[in-house]
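**Q** quick one, fold the following:
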Amino acid sequence: MLVLGINVGPALETQYSREQNFAHDAAAVLLQDSEIIAAVEEERLNRIKHCNAFPKRAIDFCLLHANKTLANIDRIAINLSEQDGTRYAQLASLEDTTVPLRSARDYFSTNFLETYGIDVASRLEFCPHHSAHAWSAFALSGLEKSIVLVLDGAGDSGRGDGKSLSGLVGVAGRDGFEILRNLTVEQSLGHLYVMAIKLIGYDLFDEYKVMGLAPYGDPNRFRGVFQQIYRLEDFGQYYISPTYVEELFVELSKNKDYLPPRRKGDHIGQIHQDFAAALQEAIELIVFHVAKHFRNTTKIDCLTYAGGVAHNCTLNGKLRNSGLFKRIFVQPAAHDAGCALGAAVYAMNKAFPNVPPAQLHTLYLGPPLPTTDSIAQRLMQWSCMLNFARSQNICREAAELLARDSVIGWVQGRSEFGPRSLGNRSILADPRPAENKARINQMIKKREGYRPFAPSILDGQVDVYFDAPGPTDNLLFMNMVVPVKESWRARLGAITHVDATARIHVVRRADNERYWQLLSEFGAITGIPILLNTSFNNNHEPIVDSIADAISCFLTTDLTHLIIDDYIVTKTPEIHFRIPDMTISTRASIKVTAGYKLKQSQFDRSWTLETNYGRRFGGGTREISQDLFKILTTCSPGTSILAICASLSIIPGLRLIDEIYDLWCKRFIILEPATATSPFSDSPNSIGLSV
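**A** Have a look, this model is predicted:
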């Protein structure tokens with residue numbers, strides 16, 4: 001049986017503003033009986049962070065990888081209840097009176113019909129949102145029985161009564177799943193976290209940044225403020241004031257250390273760090289309160305956990321090390337993309353209730369690299385900007401580069417499903433020099449300097465460096481923080497956070513042979529089988545997936561080397577001079593516009609790049625020069641920027657080249673090698689650059 005699970009928004013990528021859409025983190029997952037065949041988030045393919053459009057590219061990949069068509073799929077599982085799906089459909093019809101009132105089946109089958117020409121309405125299976133989270137956790141945990149905890153911002157009601165929920169607590173076993181308590185949207189820890197962090201300059205999808213900031217602060221400063229807006233009650237219940245945003249403002253104004261609201265990009269002071277610490281403490285106290293109650297009343301000593309709050313790795317590590325549970329499994333794709341997986345498992349279980357899915361051992365479920373020869377051909381196309389050579393022992397040579405303080409983009413095999421790079425789409429560095437933390441944050445990731453980096457470590461070596469007693473199978477997915485042993489904190493300066501912890505990633509040979517071998521080689525050279533591992537991307541894009549993504553990120557950051565499969569890649573000198581030899585284009589979700597802008601009491605002509613997705617998804621506008629506007633509205637596949645400039649009588653001066661490079665860095669535009677080589681490309685000084 002084949003089941004396609006999707007986390008989906010109803011709009012196609014180019015249809016309308018993403019602010020009008022209710023979902024995020026679109027994804028597709030394909031199950032064949034009890035095995036996960038393929039899984040990928042739409043953002044990895046269309047390059048829109050947290051994309052919430054209909055996941056056409058993700059669906060196409062899953063079908064292509066399995067050599068199937070949509071006609072072969074037995075069930076298509078969607079992660080919301082059918083009643084709530086109908087409610088969403090009717091609300092959409094009220095907003096757009098040209099759209100008829102429809103049922104959930106008609107509503108969610110429309111894009112399949114328009115895209116693939118197939119009516120799938122009868123094959124749709126609806127799974128309530130938090131149930132999808134729950135199925136993604138327990139069913140793949142390998143546990144016989146566990147408490148199931150789901151915590152996020154909000155989801156559908158699951159009951160069709162229109163009242164949103166923010167999570168659930170249940171008990172799952174091989175004989176079924178029972179919900180013990182639904183958590184109302186008024187109890188939403190996800191909403192509390194997002195609304196609170198807005199006061200210190202952060203927003204939705206920035207939660208992990210504040211989690212990294214919290215260890216720098218003292219929770220005592222604002223503990224009383226948060227205690228005024230929540231309380232712990234009997235029977236594992238808790239209360240959060242429905243007007244907590246207003247109450248936060250009131251309590252903060254009464255606090256002797258008044259917290260001035262911080263805007264994004266402003267200086268982060270100790271007071272903001274203390275606020276983050278108090279917020280983190282409040283979330284931890286509430287979750288432990290719930291977990292302890294159900295641990296004591298059910299007598300079940302295992303926990304499976306999902307939902308956006310389950311990406312709070314600090315909390316997860318404290319749960320693991322508390323001794324409260326014998327075993328803990330945190331769904332590594334705990335956010336809404338993981339609901340595609342959960343909905344698929346739910347649909348499969350509904351059809352075959354006595355066939356449990358296989359335990360989740362790997363997340364290498366995304367698109368694979370092409371053949372080695374195809375990679376060489378692709379790199380050859382970039383020869384004006386890249387040098388490359390094939391290694392006979394890539395792991396040994398990469399380890400030597402890392403030991404000599406290189407910072408490497410490492411691309412191997414199939415990409416990872418979920419928010420973590422686990423050694424196939426990673427930036428790697430030596431974990432020992434403390435300065436590597438600031439170096440990578442500033443020069444490559446272009447992000448806040450306080451943000452920590454995770455270590456990858458060989459299985460069997462954890463106890464040497466970290467205080468993480470117990471089984472390590474819940475440390476495979478980089479979603480738990482544990483203490484670094486005191487004797488190693490100074491020597492592992494690049495991966496030890498300010499609170500002496502690290503978010504570790506245990507690597508087993510059976511899961512990733514090549515990455516395991518790289519760690520082994522680095523350990524043989526340095527004596528430490530650990531690497532600093534962070535996601536391969538800059539701060540304007542999702543994690544890279546394709547060779548083209550990796551090359552663009554390599555050429556627009558200060559990475560020293562790129563390693564793809566067996567190839568070691570370096571940059572040619574002065575790549576700016578080669579930009580005119582590239583082709584230029586914009587993504588489907590970005591349009592080039594001309595208009596007028598009010599400047600100093602008069603309207604002047606303006607030219608912009610506009611995204612059709614909302615601010616929360618990295619959208620917005622960017623002003624461009626008139627010359628670039630002309631180039632982008634004239635460009636065609638295979639034609640170089642230099643050739644376009646010649647046809648328009650534009651001199652490709654340094655200002656224009658810098659503008660193009662900056663927009664490339666910020667992923668507003670795409671640069672690719674031209675199909676025809678420019679007659680000037682052999683000499684970087686012959687293309688007539690001018691200021």
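**Q** going forward, measure contacts between C-alpha atoms and count neighbours the same way
**A** OK.
**Q** for E486, give me phi and psi.
**A** The phi/psi pair for E486 (degrees, to the nearest 10) reads phi -50, psi -40.
**Q** how far away is it from P469?
**A** Distance, E486 to P469, using CA to CA, to the nearest Å: 15 Å.
**Q** ok, G201 next?
**A** Distance check for G201 against P469: by CA to CA, it reads 37 Å.
**Q** show me which of these two is the more surrounded one.
**A** G201 (18 against 12; other CA atoms under 10 Å).
**Q** OK, contacts around the more buried one?
**A** 261-266 (CA atoms under 8 Å, 6 or more residues apart in numbering).
**Q** then R432?
**A** Counted by CA under 8 Å, 6+ apart, R432 has contacts 491-495.
**Q** between those, which has the most around it?
**A** Neighbour counts for the contacts of R432, by other CA under 10 Å, peak at I495, which reaches 31 neighbours.
**Q** so that one: helix, strand or coil?
**A** coil (DSSP: H, G, I helix; E, B strand; the rest coil).
**Q** quick one: it and P431 touch, right?
**A** Yes: with contacts counted by CA atoms under 8 Å, I495 reaches P431, the gap being 5.8 Å.
**Q** list residues touching both of those two?
**A** Taking CA under 8 Å, 6+ apart as the criterion, I495 and P431 both touch 455, 532.
**Q** among the contacts of G201, which two are most distant?
**A** By the measure CA to CA, P261 and G265 form the most distant pair in these, at 12.1 Å.
**Q** for the contacts of R432, which one is nearest Q331?
**A** I495 (23.3 Å).
**Q** got the confidence number for the residue positioned nearest the centre of the chain?
**A** In the chain, the residue lying closest to the centroid (CA atoms, centre = their mean) is P419, at 3.6 Å. We have a pLDDT of 96 for P419.
**Q** isn't it up against Q331?
**A** No: under the criterion of CA under 8 Å, P419 is not in contact with Q331, lying 11.4 Å apart.
**Q** low-confidence bits of this protein, can you list those?
**A** 10, 14-22, 158-162, 600-601, 614-619, 675-691 (pLDDT under 70).
**Q** picking up where we left off before, now the buried members of the contacts of G201.
**A** Taking 16 or more other CA atoms under 10 Å as the criterion, what is buried in these is R262.
**Q** and the strands in the stretch 351-500 of the chain?
**A** 386-390, 408-411, 425-429, 454-458, 481-483 (DSSP state E, counting those that start in this stretch).
**Q** which of those strands sits closest to G308?
**A** Nearest of the strands of the stretch 351-500 of the chain (CA to CA): strand 481-483, 16.4 Å.
**Q** could you check how far the closest one is from the centre of its chain?
**A** 21 Å (CA atoms, centre = their mean, to the nearest Å).
**Q** for that strand, packing partners?
**A** Under the contact criterion of 3 or more CA pairs under 8 Å, 6 or more residues apart in numbering; DSSP states H and E, strand 481-483 touches helix 313-321, strand 501-503.
**Q** tell me which of those lies nearest to L531.
**A** Evaluated over the helices and strands packed on strand 481-483, closeness to L531 peaks at strand 501-503, with 12.1 Å, by CA to CA.
**Q** other SSEs contacting the closest one?
**A** Checking 3+ CA pairs under 8 Å, 6+ apart, strand 501-503 ends up next to strand 454-458, strand 481-483.
**Q** wait, which of those strands is closest to S606?
**A** Shortest separation from S606 across those is recorded for strand 454-458, at 43.7 Å, computed as CA to CA.
**Q** so what touches that closest one?
**A** Contacts to strand 454-458, defined as CA under 8 Å, 6+ apart, come from residues 431, 478, 495, 502-508, 516, 519-520, 529-534.
**Q** narrow the contacts of G201 to those in helices?
**A** Among the contacts of G201, no member falls in helices (DSSP state H).
**Q** helix or strand right after the longest helix anywhere in the chain?
**A** Counting by DSSP H, the longest helix found in the chain is helix 270-298. Per DSSP states H and E, helix 270-298 leads on to strand 302-306 as the next helix or strand towards the C-terminus.
**Q** circling back: show me the one of the helices and strands packed on strand 481-483 that comes nearest G212.
**A** helix 313-321 (8.7 Å).
**Q** if you skip the residues just before and after it, what's nearest to H561?
**A** Of all residues not flanking H561 in the chain, I408 sits nearest, at 4.9 Å (CA to CA, 6 or more residues apart in numbering).
**Q** which single one of the contacts of R432 is nearest to P652?
**A** A494 (41.5 Å).
**Q** how close does the closest one sit to L402?
**A** 13 Å.
**Q** spit out the residues that contact the two alike.
**A** D430.
**Q** quick one: the helices in the stretch 351-500 of the chain?
**A** In the stretch 351-500 of the chain, the segments counted as helices under DSSP state H, counting those that start in this stretch are 372-381, 394-403, 435-440, 462-465, 486-489.
**Q** tell me the most buried of these?
**A** Highest mean neighbour count among the helices of the stretch 351-500 of the chain (mean count of other CA atoms under 10 Å): helix 394-403, with a mean of 20.
**Q** now the angle from that one to strand 425-429?
**A** Calculated by axes from the mean of the first three to the mean of the last three CA atoms, to 10 degrees, helix 394-403 forms an angle of 50 degrees with strand 425-429.
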